[in-house]
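Trainee: I'd like to go over a predicted model; first the sequence, then the structure.
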Amino acid sequence: MPAIAFKLEELPLVAGILLDAALADGEVDGTEVDAIRSVLCEAAGLSRLPQGVLEALRGFDPDGFDLEGTCEELGLDTRHRKRELLALVGSVVAADGVIDAGEDVWLSRLARIMGRSEQQMDRFHEELLEAVAEMHH
């Protein structure tokens, strides 16, 4: 597994984006939060999340969250970073085994912020749906 594209101090930002993604379907259930925790741990190669990340998860304010600003702050300047973020988002969105309309809209927004083409996002979407389908087998 290649090294994570994000530094430890960036993980709270990533956590915010993932929580925002999890909230896109209108609610966050325990599986999604657990998924975020384990996805971040795995991505960062940690056995447990640093305090700052846990605080970011706990103190998350969906109404005050600025997806564009956060992505900008994170600096998704390389393909590796964009892909990594998409992969993390994908595993969280797919965690509850459903991709609904709200999550679709959210993913399109993220794609626009990242400057992904419709085609790239369609492909990503297909991969996500396949991943979800596999989870049910």
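Mentor: That came through, no problem. Residues are numbered from 1 along each chain as shown.
Trainee: Could you use CA atoms for every contact and neighbour count after this?
Mentor: Fine.
Trainee: how close does the most centrally placed residue in the chain get to S108?
Mentor: Against the mean C-alpha coordinate of the chain, by C-alpha atoms, centre = their mean, the closest residue is V89 at 2.4 Å. Remark: distance between V89 and S108 (C-alpha to C-alpha, to the nearest Å) = 12 Å.
Trainee: looking at it, T31 is touching V93, isn't it?
Mentor: No. If you go by C-alpha atoms under 8 Å, T31 and V93 don't touch, sitting 10.4 Å apart.
Trainee: what about those two, which has more around it?
Mentor: For the pair T31 and V93, the greater number of neighbours falls to V93 (29 against 13), based on other C-alpha atoms under 10 Å.
Trainee: Where do the helices of the chain begin and end?
Mentor: 11-23, 30-44, 51-58, 67-74, 79-93, 101-114, 118-135 (DSSP state H).
Trainee: Return the list of helices and strands in contact with the second one.
Mentor: Applying 3 or more C-alpha pairs under 8 Å, 6 or more residues apart in numbering; DSSP states H and E, we find helix 30-44 packed against helix 11-23, helix 79-93.
Trainee: can you check the third one too?
Mentor: For helix 51-58, the contact count by 3+ C-alpha pairs under 8 Å, 6+ apart identifies helix 11-23 as packing neighbours.
Trainee: Low-confidence stretches in the chain?
Mentor: Scanning the chain for pLDDT under 70 picks out the ranges 1-4, 136-137.
Trainee: Please repeat the previous calculation with a cut-off of 50.
Mentor: Counting by pLDDT under 50, the low-confidence segments of the chain come to 1-2.
Trainee: quick one, which of the helices and strands packed on helix 30-44 is nearest to E73?
Mentor: Closest of those to E73 is helix 11-23, at 8.1 Å (criterion: C-alpha to C-alpha).
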